[in-house]
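J.: Pasting a predicted model and its sequence here:
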Amino acid sequence: MSSKRSSSRSNENEDFSLKLRELLTTNKKKKRNAAKLLEETCSHIKRLNGEIDELSNRISELMASPDTDSAMKANILRQLLQQ
């Protein structure tokens, strides 16, 4: 499941990258499209930042938990990083 999610994010990031390249070569007629693309890109970046914050919080909670042994923490950490 995490490989599907990772692949999906990778494809999504690639799509935005291609759109941004288009934006850099856009002409005046496409300025409205460029503004929309910038807005979508900002939303995408905000969403990614939210995901990073969520993973960071989960990692912090895991490391602070006295109920989890080191091997289990390492295993869970690997799984979180693979997402």
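T.: It's in.
J.: for this protein, what are the low-confidence residue spans?
T.: Scanning the chain for pLDDT under 70 picks out 1-9, 23-32, 83.
J.: The residue nearest the centre of it and Lys19: what is the separation?
T.: Taking Cα atoms, centre = their mean, the centroid of the chain lies closest to Leu48, which sits 3.5 Å from it. Plainly put, Leu48 is 15 Å away from Lys19 if you go by Cβ to Cβ, to the nearest Å. Every C-beta, even on glycine, is put in place using the N, C-alpha and C of the backbone.
J.: thinking again about what came up before, tell me the SS of the residue nearest to the centre of the chain?
T.: helix (DSSP: H, G, I helix; E, B strand; the rest coil).
J.: Then the one 5 residues further on?
T.: Secondary structure state of Asp53, per three-state DSSP, is helix.
J.: Show residues contacting stretch 67-75.
T.: For stretch 67-75, contacts defined as Cβ atoms under 8 Å, 6 or more residues apart in numbering pick out Leu62, Met63, Ser65, Ile76.
J.: Please, which helix or strand holds the second one?
T.: It refers to Met63. Following DSSP states H and E, one finds Met63 within helix 31-64.
J.: Go through stretch 71-83 and flag the buried ones.
T.: Neighbour-count burial for stretch 71-83, counted by 16 or more other Cβ atoms under 10 Å, picks out Ile76.
J.: gap between that stretch and the chain center?
T.: On the basis of Cα atoms, centre = their mean, to the nearest Å, stretch 71-83 sits 18 Å off its chain's mean C-alpha point.
J.: isn't Leu37 right up against Leu18?
T.: No: at 10.5 Å, Leu37 does not count as touching Leu18 under the criterion of Cβ atoms under 8 Å.
J.: And the two? Which one has more around it.
T.: The residue with more neighbours, out of Leu37 and Leu18, is Leu37; 17 against 10, by other Cβ atoms under 10 Å.
J.: what's the distance between Leu77 and Leu20?
T.: 32 Å.
J.: and if you look at Leu81?
T.: As judged by Cβ to Cβ, Leu81 and Leu20 stand 26 Å apart.
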